[in-house]
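>>> structure here, sequence nowhere to be found:
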Ligand code: ADP
């Protein structure tokens, strides 16, 4: 009987799952998601071709991550009764200083990952709730943690450090960088299909609700726009991006905001939503004729361009740019607004190729510009398959 892998990506109010057949290159069989956990939860399940297998309201059955997983597994069992889950691969946002690769989860690992909760309070507790729920549901399965920080763990010192007193670096206040599963996938795709580019200096722009850039040289991350937390770098759907730390001090000391209020504002009410006052969703902003929407988009694309310039300096040159994530893969306008003023760096777009989101969208190849859909679930499935068979 063939064995299967379940991938889990537990967010604050959502749970994404994938089902794969175990193989060196795992075969995707189904994907699903529970949204709005704890408040009118809703579940959908698709097969590998994107055809709907199930869609239902969970109500009370989606009140917690554990309950949502249980409900999702019931639906999976109903539609794919042949599935035999031998291993569960988890997306975990923070692996701390120790983990530069996926790891099999046992009690000691889980304890170490729990100790990192203060480093990623909005994500890590939910990731670990997913692990606990999966361990209860599949006590005999191998459980593997795959970290968003791991791909960045070997940055040079100058890209790993802040200019704080040294003791904070030693205590783990470092530039971790995130979105590592996505960057790992893209680096693998370049290795498979664009060997020259893989050997060169590439900026990957992961632009979704969260957004960051990664500088990759010879397939390895050398710099990330994200830092100690996933707040730093580019402005995002609701997150602020790079901010003078003096602003935080001002908000607390002069405006009388509490740390919790500042945190809530920087994570949930800033970025595209905060600047536009309209939406965090790029499709809505692109469709709006409100000048604030255009200004929010202009700030987003300006910061991406600025950071591409910084990445080119960090990598001592630029051979390629790869766009990925919901915005990067789908928005011709954003790619155009990012690339058009980068002619000085050797970047030119083929407008027709850009409009149809072709894989290769540069005009003359001086700097290759690519659109590559990301697949974080596949990276988790590969690592989990390797842990199971290796
Ligand atoms: P997450 O980071 O939550 O995984 P995604 O990678 O799915 O998010 O990206 C979501 C973003 O992608 C949203 O801002 C959405 O509006 C944007 N997006 C998706 N399709 C398009 C499109 N065709 N044009 C512009 N933006 C798009």
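Cool, got the structure. Quick caveat: nothing in here was measured; it's all calculated off a predicted structure.

>>> so which residues of this protein form strands?
Assigned by DSSP state E, the chain shows strands spanning 4-10, 15-21, 27-35, 42-47, 52-57, 85-92, 103-104, 142-147, 201-207, 211-217, 220-224, 320-324, 368-371.

>>> domains for this protein, by residue range?
The chain breaks down by automatic domain parsing into domains covering 4-147, 194-371.

>>> quote the end-to-end distance of the shortest one.
Taking CA to CA, to the nearest Å, the span from the opening residue of domain 4-147 to its closing residue is 21 Å.

>>> pLDDT weak spots in the chain?
Applying pLDDT under 70 to the chain flags the ranges 1.

>>> export the domains of the chain to TSV and tack on mean neighbour count and distance to residue 183?
Backbone N, C-alpha and C define where each C-beta goes, glycine included. Listed next are those as TSV, based on neighbours: other CB atoms under 10 Å; distance: least, CB to CB, whole Å:
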stretch	mean neighbour count	distance to residue 183
domain 4-147	18	12
domain 194-371	18	5
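
>>> quick one: closest of these to the ligand.
The ligand lies closest, by CB to the nearest ligand atom, to one member of the domains of the chain: domain 194-371, at 2.1 Å.

>>> got the residues of the protein near the ligand?
Within the chain, the residues that sit near the ligand (CB under 6 Å from any ligand atom) are 208-210, 237, 281-283, 286, 325-327, 330-331.

>>> ok, the spatially most central residue of the chain - contacts?
Closest residue to the average C-alpha location of the chain: residue 179 at 3.6 Å, with CA atoms, centre = their mean. Shown in contact with residue 179 (CB atoms under 8 Å, 6 or more residues apart in numbering): 148, 206, 210, 212, 214, 224, 226.

>>> make it 7 Å
By CB atoms under 7 Å, 6 or more residues apart in numbering, residue 179 lies in contact with 148, 206, 210, 212, 214.

>>> and those residues as CSV, adding distance to residue 79?
As requested, these are exported to CSV (distance: CB to CB, whole Å):
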residue, distance to residue 79
148, 30
206, 31
210, 30
212, 35
214, 36
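
>>> what's the farthest-apart pair in the residues you listed?
The largest separation in these, counting by CB to CB, is between 210 and 214 at 12.6 Å.

>>> quick check, residue 272 in contact with residue 298.
No: applying CB atoms under 7 Å as the test, residue 272 and residue 298 come out as separate, 11.1 Å apart.

>>> between those two, which contacts overlap?
Here residue 272 and residue 298 have no joint contacts, going by CB under 7 Å, 6+ apart.

>>> wait, residue 119 sits on residue 94?
Yes: at 5.3 Å, residue 119 and residue 94 qualify as touching, with contact defined as CB under 7 Å.

>>> out of the contacts of residue 179, who's nearest residue 19?
The closest of the contacts of residue 179 to residue 19 turns out to be residue 148 (CB to CB; 21.7 Å).

>>> state the number of residues packed around the closest one.
27 (other CB atoms under 10 Å).

>>> what do you get for the one 5 residues further on?
Burial of residue 153, expressed as a neighbour count using other CB under 10 Å, amounts to 20.

>>> cool, and the one 3 residues further on?
Under the neighbour criterion other CB under 10 Å, residue 156 is assigned a count of 10.

>>> how much space is there between the residue of the chain most remote from its centre and residue 221?
Within the chain, the residue lying farthest from the chain centre (CA atoms, centre = their mean) is residue 254, at 34.5 Å. Remark: distance between residue 254 and residue 221 (CB to CB, to the nearest Å) = 38 Å.

>>> cool, residue 336 as well?
27 Å.

>>> find the nearest non-adjacent residue to residue 30, please.
residue 19 (4.4 Å; CB to CB, 6 or more residues apart in numbering).

>>> my read: that neighbour touches residue 27, true?
No: here residue 19 lies out of contact with residue 27, judged by CB under 7 Å, at a distance of 9.7 Å.

>>> spit out the contact partners of residue 231.
Neighbour list for residue 231: 239, 240, 266, 267 [criterion: CB under 7 Å, 6+ apart].

>>> contacts for stretch 30-50?
Here stretch 30-50 makes contact (CB under 7 Å, 6+ apart) with 13-19, 28-29, 52-58, 62-65, 68, 71-72, 75-76, 79-80, 377.

>>> now do the same end-to-end measure for that stretch.
End-to-end span of stretch 30-50 (CA to CA): 8 Å.

>>> pipe the strands of the chain into JSON lines and attach distance to residue 187 per row.
Below are the strands of the chain laid out as JSON lines (distance: least, CB to CB, whole Å):
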{"stretch": "strand 4-10", "distance to residue 187": "19"}
{"stretch": "strand 15-21", "distance to residue 187": "20"}
{"stretch": "strand 27-35", "distance to residue 187": "20"}
{"stretch": "strand 42-47", "distance to residue 187": "27"}
{"stretch": "strand 52-57", "distance to residue 187": "32"}
{"stretch": "strand 85-92", "distance to residue 187": "17"}
{"stretch": "strand 103-104", "distance to residue 187": "20"}
{"stretch": "strand 142-147", "distance to residue 187": "15"}
{"stretch": "strand 201-207", "distance to residue 187": "8"}
{"stretch": "strand 211-217", "distance to residue 187": "6"}
{"stretch": "strand 220-224", "distance to residue 187": "8"}
{"stretch": "strand 320-324", "distance to residue 187": "9"}
{"stretch": "strand 368-371", "distance to residue 187": "12"}
